[in-house]
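Asks: build me a structure from this.
(one chain, ligands or ions: 2)
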Amino acid sequence: MTGLPPVAVTCGDPSGIGPEISLGAWRALGADVPFFVIGDPAHFPSGTPLAVIDDPSQAPAAAATGLPVLPHAFPDPARPGRPTPANAPGVVEVIRRAVDLTRSGEASAVCTAPISKKVLADHAGFGFPGHTEFLADLAGGAQAVMMLASDELRVVPATIHIPLSAVPGALTPELLESVIRITAKGLVRDFGLAAPRIAVAGLNPHAGEGGLLGAEEMRWIGPLCEDLRAEGMAVAGPLPADTMFHAEARARYDAAVCMYHDQALIPIKTLAFDRGVNVTLGLPFVRTSPDHGTAFDIAGQGIANPASMIAAIRLAARIAATRASGGGA
Ligand SMILES: NC(=O)C1=CN([C@@H]2O[C@H](COP(=O)(O)OP(=O)(O)OC[C@H]3O[C@@H](n4cnc5c(N)ncnc54)[C@H](O)[C@@H]3O)[C@@H](O)[C@H]2O)C=CC1
Ligand SMILES: NCC(=O)COP(=O)(O)O
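Replies: Ligands and ions are numbered 1, 2, ... in the order given. Purely as a prediction, here's the structure:
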């Protein structure tokens, strides 16, 4: 226990595995890492020992008897695997509420359960491709950077939720430079690393093979890395993406900045699907999430693994404590 307020966990899509993995997290963490879920008490698996609270400050004591839930009423019941349009707006309201509680100091951090971006776009007018972009907007337009972190590997996609065909156009020296700087600051501030080492992936096969297989590395990614090294930052690259994730290569850096979503997420989900945590860097508040999605295909069957949710709540509390102590900053 850190003495900090509890972590605010959003319910995510009530028809996904959010409710059951939150229950699994409470079973594993109890009151050791205080948290509460914002959601509809009727959406949890039947037989869930619920501890309904009116205020986040009640969560630590309530966790001794059940899963602390700060109620948020939804119009429909949760039908596992079958999201309802009517519930979509509530999913977004809950995220806003968790952010408000964290910014007011009543919660120490936000941990989000998975949402379906498509359901929210279709039925809640959600104009963002994911939490990361929404949270950046709620933070007043901060540049939010997505990191997925595990003991084995940390990865950061420089471009996030855009089609592959849009990646080369979206990648600019300004974007990549700010992603690298925010990553370095996050490793110091949130992970307590004094001198973080960052590896930058190339965009093209073999990092362009001297211009034969693509020009971006020679034209600007390489020179940008040079400039950052000249400033004293430990930045390696651009490295061929196919050979930078094996064990020996991973030992040489603290985070890999990648050019697009799958270049970053495939290695970490292959190595640590059940332990990876999504952390949003660059925000004025702490946000984590499990590394997986809504898993509609298995929702309600009681087989969802809560390990990534457990890791996400633990990491949220740890980062909040590090920030509160001025730790890495
Ligand atoms: N942070 C978030 O809100 C995220 C949301 N999503 C959303 O989730 C939806 C589904 O995305 P998918 O690509 O299908 O990914 P997914 O992670 O939901 O599922 C992929 C596969 O992994 C399995 N799986 C996922 N989590 C599991 C767990 N905890 N225990 C056991 N098996 C698990 C699923 O059953 C499925 O077979 C999409 O709408 C996507 O936008 C995806 C990733 C993150
Ligand atoms: N693939 C990662 C993902 O979709 C998580 O996105 P976000 O909702 O955390 O922005």
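
Asks: need the residues that contact the helix or strand where residue 70 lies.
Replies: Assigned by DSSP states H and E, residue 70 belongs to strand 67-71. Contacts to strand 67-71, defined as C-beta atoms under 8 Å, 6 or more residues apart in numbering, come from residues 6, 8, 22-23, 26, 35-41, 44, 48-56, 58-59, 62. Where you see a C-beta, it was placed from the backbone N, CA and C, and this is true even at glycine.

Asks: is there a quick ChimeraX command that grabs whichever of these are buried?
Replies: Selecting the buried subset of the contacts of strand 67-71 in ChimeraX, with 16 or more other C-beta atoms under 10 Å as the burial test, is done by:
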select :6,8,22,23,26,35,36,37,38,39,40,41,44,48,50,51,53,56,58,59,62
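
Asks: residue 102 versus residue 311, what's the distance?
Replies: Residue 311 is 19 Å from residue 102, where distance means C-beta to C-beta, to the nearest Å.

Asks: now do residue 28
Replies: Residue 28 is 22 Å from residue 102, by C-beta to C-beta.

Asks: about what we covered before: between residue 311 and residue 102, tell me which one has more neighbours.
Replies: Remark: of residue 311 and residue 102, residue 102 carries more neighbours, 25 against 22, as counted by other C-beta atoms under 10 Å.

Asks: distance of the spatially most distant residue from the centre of the chain relative to ligand 2?
Replies: Distance from the centre of the chain peaks at residue 212, with 36.0 Å (C-alpha atoms, centre = their mean). Per C-beta to the nearest ligand atom, to the nearest Å, residue 212 is found 32 Å from ligand 2.

Asks: re the thing from before, buried set for the strand holding residue 70?
Replies: For strand 67-71, by 16+ other C-beta under 10 Å, it's 67-70.

Asks: likewise stretch 248-265?
Replies: For stretch 248-265, the neighbour count (16+ other C-beta under 10 Å) marks 250, 253-261, 263-265 as buried.

Asks: list the contacts of the residue of the stretch 201-329 of the chain found nearest ligand 1.
Replies: For the stretch 201-329 of the chain, the residue closest to ligand 1 is residue 293, as judged by C-beta to the nearest ligand atom, at 2.2 Å. Contacts for residue 293 were tallied using C-beta under 8 Å, 6+ apart; they are 16, 114, 116.

Asks: turn those residues into TSV, including secondary structure, neighbour count and pLDDT.
Replies: Listed next are those as TSV, based on DSSP: H, G, I helix; E, B strand; the rest coil; neighbours: other C-beta atoms under 10 Å; pLDDT from 0 to 100:
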residue	secondary structure	neighbour count	pLDDT
16	coil	30	98
114	coil	24	98
116	coil	20	97
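
Asks: what's the closest of those to residue 282?
Replies: residue 114 (21.1 Å; C-beta to C-beta).

Asks: and the closest one, its phi and psi?
Replies: Main-chain torsions, residue 114, degrees, to the nearest 10: phi -70, psi 140.

Asks: just residue 237 next, same as before
Replies: When read as degrees, to the nearest 10, the backbone of residue 237 gives phi 130, psi -180.

Asks: any idea how many residues pack against the residue lying closest to it once chain neighbours are set aside?
Replies: Excluding its sequence neighbours, the residue lying closest to residue 237 (C-beta to C-beta, 6 or more residues apart in numbering) is residue 200, at 3.3 Å. Residue 200 has 30 neighbours, counted by other C-beta under 10 Å.

Asks: in a strand, residue 200, correct?
Replies: Yes. Using DSSP: H, G, I helix; E, B strand; the rest coil, the assignment for residue 200 is a strand.

Asks: good, wrapping up.
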